[in-house]
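Trainee: sequence plus the predicted model coming up.
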Amino acid sequence: MKLIYYKSDIGNFGDDLNMWLWPKLFGDNFFDDSKTACFVGIGSILDEKSNLMKDVQRFSVKHVFGSGVRSINTNLKFDDSYKVAFYRGPYSALKMEGEASNYISDGAYGIVFTDFYKKLVSENKKKYEVSFIPYFRSESKVNWEKMCLSNGWNYISPTENNLELTLKKIAESKYIITEAMHGAILADAFRVPWKRVRFHAHINETEAVSEFKWNDWLSSININSSRYKTLYLKSNASFIKKRFFKKKVKEENYQVLKQQLKASFEGGDNFQLSSNTIFESITVKLDKAITKLKLANQ
């Protein structure tokens, strides 16, 4: 079965989790260079305009395992060649099937079944009070690492070429502040309270796409809305212009952004986490979905 996922030219830990996670759960021999069957996992891949979906369509059997719809405006249609185990959230399920039922949550929660996860959780080491994870395409716009150091925080790069180190840093944090959605998802999986900030992601991919993705996942964990802070520079008018982000943030704006980022912590208040009941329900359903697909492809 061919594993299909988005591969960024600069790396992105949420997408890169596919190649690390699924072979651990299904076995090293489960994925190959098959020309007939493919597996679509973590990511907002379900969009008829996506080059990935154009690749997917050439396979005679397409397994959808926790993927999400990219936008409410998506016009993608599935035929009988698509075998949907589950969607990322109710918004995706409703868009694709007309009813919000065939969902569990983001496939990244599958990390709970790995030995790597179990070891980190059992050790329960907390090295960092606060860690910050930016959106992978905003990393080149701001020296976030310098800003985190001056705030006394730990910086987690979304493009670091060491996925296990990234996951370890998330697990070893007391709190996660993140612009990256998978920063929040993985923090939730490790039971680390998280908070969202908005700076660049919803401008780069449009606000409609960003909010659809976030709320699709949030609904799957029974959280109605995320408590987030938007980081502004200059005026709102200049902030919302996409061209504003073609260059790095100017030094004169650095202190403004630093103070806003620091204020987003607010002493640890207003962080979020799915309930233990919801979390356990997700893991039980995921376990059944994994077992079912394994048996079907023996």
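Mentor: Sure, I can see it. All of these numbers come straight from a predicted model, not from anything done at the bench.

Trainee: off-centre distance for stretch 133-149?
Mentor: Relative to its parent chain, stretch 133-149 has a centroid offset of 17 Å by CA atoms, centre = their mean, to the nearest Å.

Trainee: next, the buried residues of it.
Mentor: Going by neighbour count (16 or more other CB atoms under 10 Å), the buried part of stretch 133-149 is 133-139, 141-145, 147-148. The way it works is simple: take the backbone N, C-alpha and C, and place the C-beta from them, glycine included.

Trainee: swap in stretch 44-61?
Mentor: Neighbour-count burial for stretch 44-61 flags Ser44, Ile45, Leu46, Asp47, Ser50, Leu52, Met53, Val56, Phe59 (criterion: 16+ other CB under 10 Å).

Trainee: SS state for Ile177?
Mentor: Per DSSP: H, G, I helix; E, B strand; the rest coil, the local secondary structure of Ile177 is strand.

Trainee: hmm, who's touching stretch 98-108?
Mentor: Stretch 98-108 has contacts (CB atoms under 8 Å, 6 or more residues apart in numbering) with 14, 17, 21, 41-42, 65-68, 84, 86-94, 182, 185-186, 189, 217, 220-221, 282, 285-286, 289.

Trainee: ok, back up a step: confidence-wise, which of the buried residues of stretch 44-61 comes last?
Mentor: Among the buried residues of stretch 44-61, Ser50 has the lowest pLDDT, at 88.

Trainee: for the helix ranked longest in the chain, buried residues please.
Mentor: Secondary structure of the chain read by DSSP state H shows that its longest helix is helix 276-296. Neighbour-count burial for helix 276-296 flags Ile278, Phe279, Ser281, Ile282, Thr283, Lys285, Leu286, Ala289, Ile290, Leu293 (criterion: 16+ other CB under 10 Å).

Trainee: for the fifth one, what are its contacts?
Mentor: Counting by CB under 8 Å, 6+ apart, Thr283 makes contact with Tyr109, Val112, Phe113.

Trainee: how about the second one: what's its closest non-neighbour residue?
Mentor: For Val112, the nearest residue in space outside its immediate sequence neighbours is Thr283; the separation is 5.4 Å by CB to CB, 6 or more residues apart in numbering.

Trainee: neighbours of the residue nearest to Ile111 when sequence neighbours are not counted, how many?
Mentor: Distances taken as CB to CB, 6+ apart place Tyr117 nearest to Ile111, at 4.9 Å, with adjacent residues excluded. Close neighbours of Tyr117, defined as other CB atoms under 10 Å, add up to 19.

Trainee: just Ser92 next, same as before
Mentor: Residues lying near Ser92 (other CB under 10 Å) number 31.

Trainee: please apply the same query to the one 4 residues further on.
Mentor: With neighbours defined by other CB under 10 Å, the count for Met96 comes to 22.

Trainee: ditto for Glu266
Mentor: Residues within reach of Glu266, counting by other CB under 10 Å, total 12.

Trainee: ok, Phe30 next?
Mentor: 15.

Trainee: what's it in contact with, if anything?
Mentor: The contact partners of Phe30, by CB under 8 Å, 6+ apart, come to Met1, Trp22, Pro23, Lys294, Asn297.

Trainee: check contacts around the fourth one.
Mentor: Think Lys294. Per CB under 8 Å, 6+ apart, neighbours of Lys294: Phe26, Gly27, Phe30.

Trainee: now with 6 Å, please.
Mentor: Applying CB atoms under 6 Å, 6 or more residues apart in numbering to Lys294 gives no contacts.

Trainee: kindly report the same for the first one.
Mentor: Met1 sits next to Phe31, Ser34, Ala37, Phe39 when contact means CB under 6 Å, 6+ apart.

Trainee: does the residue positioned nearest the centre of the chain count as helix, strand or coil?
Mentor: Among the residues of the chain, the one closest to the centroid is His182, at 2.4 Å (CA atoms, centre = their mean). Secondary structure for His182, judged by three-state DSSP, is helix.
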